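Asks: pasting a predicted model and its sequence here:
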Amino acid sequence: MSMIDDVVADLAGSVKKAQDALRRDLSKLRTGRANVGMLDGVRVDYYGTPTPLNQLSSISTPEPRLILVKVWDKGAVKAVDTAIRSAGLGLNPVTEGELVRLPIPPLTEERRKDLVKVARKSAEEAKVAIRGARREANEMLDQLVADGEAPEDDVDRAGKKVQQMIDDGVKGVDDIVTAKEKDILEV
């Protein structure tokens, strides 16, 4: 029975990883409010090395429509400004000494709808990953029966448990993307 438990535990881990990856992807999507997660993918050319922005500065949101980046090295302020502009986030940095202010402009209705489409695409990718994990788990369970390592009745019960986990995982993905869509469409 322990081989079956291992397969089920692996599946649970794969479902959780897919949901966590979706959350990370969605955190980078811009909503109408300031969110430091928007800058997670920004890399600054710091003395020839692409460096994550959060390793060169402290990032905060003092207001709902403003991100404040306090760069620790004054010599890197220009590089930070350039990296944010070229990141494709639609933000225009305002530099004041070692501070970089990022006012978050309100989203247009068209841009909101585009962001919802991007969120749904990310959700579909997460569902595909979850279904792939189900296929792998079912193949492993079938292999256990073929090798004679587990009785067919136990594997059938495990197969039902696998399907229930997949259904719950897909529902979780739907819940995550629905919450993000609501956040995006909120004016």
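Replies: It's in.

Asks: got phi/psi on Arg101?
Replies: phi -90, psi 140 (degrees, to the nearest 10).

Asks: now for it, how many residues are close by?
Replies: 16 (other Cβ atoms under 10 Å). The way it works is simple: take the backbone N, C-alpha and C, and place the C-beta from them, glycine included.

Asks: that one contacts Pro93, correct?
Replies: Yes: using Cβ atoms under 8 Å, Arg101 is in contact with Pro93, at 7.0 Å.

Asks: any stretches of this protein with poor pLDDT?
Replies: For the chain, the stretches with pLDDT under 70 are 1, 187.

Asks: so which residues of it form strands?
Replies: Counting by DSSP state E, the chain has strands at residues 43-46, 49-52, 57-63, 66-71, 94-96, 99-103.

Asks: format these as TSV; extra columns: distance to Lys117.
Replies: Converted to TSV, the strands of the chain look like this (distance: least, Cβ to Cβ, whole Å):
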stretch	distance to Lys117
strand 43-46	26
strand 49-52	28
strand 57-63	26
strand 66-71	24
strand 94-96	30
strand 99-103	24
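
Asks: pick the most deeply packed of those strands.
Replies: Among the strands of the chain, strand 66-71 has the highest mean neighbour count (mean count of other Cβ atoms under 10 Å), at a mean of 19.

Asks: minimum distance to Ile84: which of the strands of the chain has it?
Replies: Of all the strands of the chain, strand 99-103 sits nearest to Ile84, with 6.8 Å by Cβ to Cβ.

Asks: and that closest one, how far out from the chain middle?
Replies: With Cα atoms, centre = their mean, to the nearest Å as the basis, strand 99-103 stands 24 Å off its chain's centre.

Asks: which elements pack onto that strand?
Replies: Other helices and strands packing on strand 99-103, by 3 or more Cβ pairs under 8 Å, 6 or more residues apart in numbering; DSSP states H and E, are strand 66-71, helix 77-86, strand 94-96.

Asks: out of these, flag the one nearest Asp175.
Replies: Comparing these by their distance to Asp175 (Cβ to Cβ), the top pick is strand 66-71, with 27.2 Å.

Asks: find the nearest non-adjacent residue to the residue nearest in space to the middle of the chain, please.
Replies: Centroid-nearest residue in the chain, with Cα atoms, centre = their mean: Arg24, separated by 1.9 Å. Distances taken as Cβ to Cβ, 6 or more residues apart in numbering place Asp40 nearest to Arg24, at 7.8 Å, with adjacent residues excluded.

Asks: who are the contact partners of the one you found?
Replies: 24, 27-28, 52, 54 (Cβ atoms under 8 Å, 6 or more residues apart in numbering).

Asks: and for Val80?
Replies: Residues counted as contacts of Val80 (Cβ under 8 Å, 6+ apart) are 44, 53, 56-57, 69, 71, 93, 100.

Asks: and the closest residue to Asp81 other than its chain neighbours, how far is that from Ser58?
Replies: Nearest residue to Asp81 in three dimensions, chain neighbours excluded: Pro93, at 4.8 Å (Cβ to Cβ, 6+ apart). Look at Pro93 and Ser58: by Cβ to Cβ, to the nearest Å, they are 15 Å apart.
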